[in-house]
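Asker: Got a predicted structure here, sequence first:
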Amino acid sequence: MNFVALQMLLGDRAKYLGLIFAVAFSTFLMSHQSSIFAGIMRRTTSQIMDVPDANLWVMDRKTQYFDEVKALTDDDLYRVRGVPGIEWAVPLFKGLPRAKAFDGNFRVVIMMGVDDATLVGAPRNMVLGSADDLRRPDAVIIDRVGYEFFFPGQPYELGKPLELNDHRVNIVGIYNSSAPFQNLPVFYSRYSQAVTYVGRERNQLSFVLAKAAPGVSDREASRRIEAVTGLRAATSSEFGWQTIWYYIDHTGIPINFGITIGIALVVGTIVAGQTFYIFTLENLKQFGALKAIGVTNWRITGMILLQALMVGVIGFSIGIGMTAAFFELTKNVLDLRGFSLLWQIAAGTGGTVLLIVILASLMSIRRVLVLEPAIVFRG
Amino acid sequence: MIQGVAEISPGERSPFGVLHGRFEESAVSCRRVTKEFVSGDNRTLVLRGVDFDVSFGEMTLLVGPSGCGKTTLLSVIAGLLDPTGGNISVLGQNMDELSGADSILFRRKNLGFVFQQYNLLPALTAAENAAVPLLAAGVPRKRAVDKASAMLAELGLEQRLYALPSQLSGGQQQRVALARALVHEPRLIVCDEPTSALDHETGHAVMELLTTVAVREDRAVIVVTHDSRVFDFADRIAHMDDGRIVRTEASEKAHFPATRN
Ligand SMILES: Nc1ncnc2c1ncn2[C@@H]1O[C@H](COP(=O)(O)OP(=O)(O)OP(=O)(O)O)[C@@H](O)[C@H]1O
Ligand SMILES: [Mg+2]
C-alpha cells in the first residue's frame, strides 16, 4: 500500500509541489538564519579563538565579555606568573585606534598588542610575510579586510605605510583574520608599540594570556590563578561562550533571528498542514473506499505518514541544498567569512522539519481515522 | 473456486467460522435487523426489523423508493455500519461475534464492493486500481497487478490496463471497479446503484458482466438499484419500503439451479 500512498501524492501535482515548496521554504529560512546567527555569535569570539598558543585568559573579575575590558596592572601580570602550575604568562593589549592611509582614508581598527619577547598571540594565518617580522621597528601585521580597505584594488605587497595616531607604521605581514563582530580590520603589533597608538590611559594591560604547566589541567590552573590573584581566569572556550552569552543576553540579535526562524517554522507548518489537510479531504472518498475494502486504520495512518515523510525528505533536501549553495557561493566574499552551514544546524533543521510534517499530517490522520467507511455509499 | 476450499475438509470451520465444503443455506441472513441513527436529540429509525436472505449462486436486487433504507441495509450487511438490533449472519459468520479488527479482515477477504461513484484512485492505473484489495492483503505489487490485469481482461478491458480513471469512460471505470470487487475472489459482492451513473446501454453491459462474471455458485451478489431496466438480470428481487423488506419475488431465470442444495 506504500506504493498506493505515494501514487496518490504524486498524482496531485499542484498540491505535491505546494507541499514541497512550503517545506523547502521553511527549511531554507530556518537553516540559513540559524547559520547566520551562529556565524555572528562565533564572530564575537574570533579574537579569542585566533590565539591558539595560550589556553588561559586572565582578566578583571568584572569583565563580562571580550570587547569591553578594564585594564590590569603590570603587577597583576607578575602575580599570575607567580602562581604555581603556570608555565608562562604574557600580556595582551587590545585597543581601538584610528588608522589612516596617506590618501586620507581612515578607519577604526582593532589593534592587538602581543608580548614583545615571545610574540605569543601573534597571527598564524599569514597570507604574506612572517609574524616574526613584528620585531622590526614600527611593524604591524594587518588582515586582508584592512589591506583591501586601505589599498583597494592593489596587489598584496609588504612595506606599505599607514598612520596610526600620528605614528607612521609599516606593514610587514598580511593575514587571514577570523571576522570580528563588527567586521573591523584587525591589526597586530608588539605590546610596547601598540600601547602608544591609542590615547593615554593609566594602565594598558587588557588581558594576561597564560599557559598551564604540563600535568596541570586548565581548570585547575584557572582555579589557582583566581585564588592567588583575585582576578578572573577562564579557558578560551569558557571566555568565548561567556562572550557569546553576553551578546545573546544583551542585544536584540537572538530575538531578531528567533522571530525569523519562528515565522519560518509557523508558516511552514501551517501552509504544509493546510495543504496536506486539503489534499486529504479531497481524497476522503478514496480513503473511505480503502477502509471499506478492508485497509486497517494502522495501514492508513502509515500511508499518510509516508506521504508526509516523502514531502518532508524532498522539501528538506531542496531547502538545505539551497542553504548549502548560498554559503558555497559566498565563501570567497571577504565580508561574509566565517558563515557556514554547520552540521548541527542541518541536523536540527532536519529534526524540526520532521516535526513540521508530522504535525501537518496529524489533522489529516485524525480526519481519516474518524471517517466512517459507510460514506462510500453516499453520492 | 474460492481459496481454502481444497485445504479445509468438509464441515471444518475457518478462522471466520465460514463453513467450507458445502454451501450454507444463505449467503446472508438478516433477522429483525434495526438501525437507528442518533444525532443529538434526533433519532431516525431507518431499518425497522428487516428479515432478508440472500442465496449463493444468485443475484439479488434490493429495490424500493428513495430513502427507504436500501443503502443503510447494504452497509450493515457489509459491516460498514453496526446494526442497532437484530441478527446478521454473513457467509455463516455471525457478525456480532467479530471484533473491529476481525471485521475488517473478514471484509477484506470475503467482500467485494461496487459503488455508484466508482471511487477509483485517480492516480492509479486501471490495473493498479483493480489490484487494491490484493495490495491491501499484502500481496506483492507485481503479482497483484498481474492478477488484476487478468481480471480486467476478463471484463474486456485488456486494452486499457495502463489508463488512468480520468482517461476512461464511466462504463469503463465501473468495469474497473467491478474488477476491483472481484479480483480477490470474495464470496459476497455488494453493489450500490452500480448503473445509475451510466447510460442505459452501458448500464446494461455492466449488469451483463455482473451476471456472467460475478455470479457463481459459490458466490452471492446483492445489487441495490432504482433502475427498473436492470430487473431482468435478477434471480430474486427484494422490495423494500420504509425500513422493511415487504416482498421478495424469485425471477424465473436462475443461474445455478441444479448445483444448489
Ligand atoms: N448517517 C446517517 N445519519 C442520519 N440519518 C441517515 C444517515 N444515513 C442515512 N440516513 C437516513 O436514513 C434514511 C435511509 O437512507 P438510505 O441512504 O439508506 O436510503 P436509500 O434507500 O439508499 O435511498 P436512495 O435510494 O435515495 O439511495 C434516509 O432518510 C436518510 O436520511
Ligand atoms: Mg442509497
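Answerer: On my side now, so go ahead. Ligands and ions are numbered 1, 2, ... in the order given.
Asker: what about the helices in the stretch 1-150 of chain B?
Answerer: B:70-77, B:100-110, B:126-136, B:141-154 (DSSP state H, counting those that start in this stretch).
Asker: Which elements pack onto the shortest one?
Answerer: Going back to what we said before, that points to helix B:70-77. Contact here means 3 or more C-beta pairs under 8 Å, 6 or more residues apart in numbering or on different chains; DSSP states H and E; on that basis helix B:70-77 packs against strand B:28-39, strand B:42-54, strand B:59-63, strand B:85-90, strand B:188-192, strand B:220-224. No exception for glycine: its C-beta is placed from N, CA and C like everyone else's.
Asker: Need the winner for burial among those strands.
Answerer: Across the helices and strands packed on helix B:70-77, averaging neighbours per residue (mean count of other C-beta atoms under 10 Å in any protein chain shown) puts strand B:220-224 on top, at a mean of 26.
Asker: what residues are up against residue B:160?
Answerer: Contacts for residue B:160 (C-beta atoms under 8 Å, 6 or more residues apart in numbering or on different chains) come out as B:126, B:152, B:167-168, B:172.
Asker: Now look at stretch A:284-303 and say if it contacts ligand 1.
Answerer: No: Stretch A:284-303 stays clear of ligand 1 (C-beta under 6 Å from any ligand atom), getting no nearer than 13.0 Å.
Asker: right, and residue A:257 touches residue A:33 too?
Answerer: Yes: applying C-beta atoms under 8 Å, one finds residue A:257 in contact with residue A:33, separated by 5.3 Å.
Asker: For those two, indicate the residue with more neighbours.
Answerer: residue A:33 (21 against 17; other C-beta atoms under 10 Å in any protein chain shown).
Asker: doesn't residue A:261 make contact with the more buried one?
Answerer: Yes: using C-beta under 8 Å, residue A:33 is in contact with residue A:261, at 5.2 Å.
Asker: Can you give me the distance of residue A:334 to residue A:176?
Answerer: 9 Å (C-beta to C-beta, to the nearest Å).
Asker: Count the residues that sit near the nearest residue in space to residue A:190 that is not next to it in sequence.
Answerer: Excluding the flanking residues, the one nearest residue A:190 by C-beta to C-beta, 6 or more residues apart in numbering or on different chains is residue A:116, at 4.7 Å. By the criterion of other C-beta under 10 Å, residue A:116 has 16 neighbours.
Asker: do the one 10 residues further on as well
Answerer: Number of residues near residue A:126 (other C-beta under 10 Å) recorded here: 15.
Asker: residues in contact with the closest residue to it other than its chain neighbours?
Answerer: Take residue A:126 and drop its neighbours on the chain: the residue closest to it by C-beta to C-beta, 6+ apart is residue A:175, 4.9 Å away. Counting by C-beta under 8 Å, 6+ apart, residue A:175 makes contact with A:123-127, A:141-144, A:188.
Asker: where along the stretch 101-250 of chain A do the strands fall?
Answerer: Assigned by DSSP state E, counting those that start in this stretch, the strands in the stretch 101-250 of chain A fall at A:106-108, A:110-114, A:126-129, A:139-143, A:161-164, A:167-175, A:186-190, A:207-212, A:232-235.
Asker: Now do the same contact list for the nearest residue to residue A:241 once chain neighbours are set aside.
Answerer: Nearest residue to residue A:241, sequence neighbours excluded (C-beta to C-beta, 6+ apart): residue A:45, at 8.0 Å. With contacts defined as C-beta under 8 Å, 6+ apart, residue A:45 is in contact with A:66, A:239-241, A:243-244.
Asker: Got the phi and psi for residue A:45?
Answerer: When read as degrees, to the nearest 10, the backbone of residue A:45 gives phi -110, psi 10.
Asker: sec struct for the nearest residue to residue A:213 once chain neighbours are set aside, please.
Answerer: Nearest residue to residue A:213 in three dimensions, chain neighbours excluded: residue A:87, at 4.3 Å (C-beta to C-beta, 6+ apart). Assigned with DSSP: H, G, I helix; E, B strand; the rest coil, residue A:87 falls in the strand class.
Asker: so what's residue A:87 up against?
Answerer: Residue A:87 makes contact with A:210-214, according to C-beta under 8 Å, 6+ apart.
Asker: do you know how far it is from residue A:52?
Answerer: In terms of C-beta to C-beta, residue A:87 sits 15 Å off from residue A:52.
Asker: Which part of the stretch 151-300 of chain A gets nearest to ligand 1, residue-wise?
Answerer: Going by C-beta to the nearest ligand atom, ligand 1 is nearest to residue A:288 of the stretch 151-300 of chain A, at 13.0 Å.
Asker: Which SSE is immediately downstream of the helix or strand hosting that residue?
Answerer: Assessed by DSSP states H and E, residue A:288 sits inside helix A:284-293. Counting by DSSP H and E, the next helix or strand C-terminal to helix A:284-293 is helix A:297-329.
Asker: What residues sit buried inside that following helix?
Answerer: Neighbour counts over helix A:297-329 (16 or more other C-beta atoms under 10 Å in any protein chain shown) mark A:297, A:299-308, A:310-313, A:315-320, A:322-324, A:326-327 as buried.
Asker: Check what contacts stretch B:190-203 and list those residues.
Answerer: Residues contacting stretch B:190-203 (C-beta under 8 Å, 6+ apart): A:377, B:70-71, B:74, B:77-78, B:111-118, B:169-171, B:174, B:177-178, B:181, B:204, B:206-207, B:210, B:221-227, B:229-230.
Asker: Among those residues, which lie within strands?
Answerer: Mapping those onto strands (DSSP state E) picks out B:111-114, B:221-224.
Asker: For chain A, what lies in contact range of chain B?
Answerer: Residues of chain A found near chain B (C-beta under 8 Å from any C-beta of the partner chain) are A:1, A:3-4, A:7-12, A:285-286, A:288-290, A:292-296, A:299, A:372-374, A:376-379.
Asker: The residue in the stretch 151-261 of chain B that ligand 1 sits nearest to - nearest residue in space that isn't next to it in sequence?
Answerer: The nearest approach of the stretch 151-261 of chain B to ligand 1 comes at residue B:226, 5.9 Å away (C-beta to the nearest ligand atom). Once flanking residues are discounted, residue B:226 sits nearest to residue B:196: 6.0 Å by C-beta to C-beta, 6+ apart.
Asker: burial measure for that neighbour, as a count.
Answerer: 15.
Asker: The residue lying closest to residue A:211 once chain neighbours are set aside and ligand 1: what is the separation?
Answerer: Excluding its sequence neighbours, the residue lying closest to residue A:211 (C-beta to C-beta, 6+ apart) is residue A:87, at 4.8 Å. Note on residue A:87: its distance to ligand 1, by C-beta to the nearest ligand atom, to the nearest Å, is 85 Å.
Asker: Repeat that for residue A:136.
Answerer: 94 Å.
Asker: Now do the same contact list for the nearest residue to that residue once chain neighbours are set aside.
Answerer: Excluding the flanking residues, the one nearest residue A:136 by C-beta to C-beta, 6+ apart is residue A:172, at 6.0 Å. Contacts of residue A:172 were listed using C-beta under 8 Å, 6+ apart, and they are A:129-130, A:133-134, A:136, A:139-141, A:158-159.
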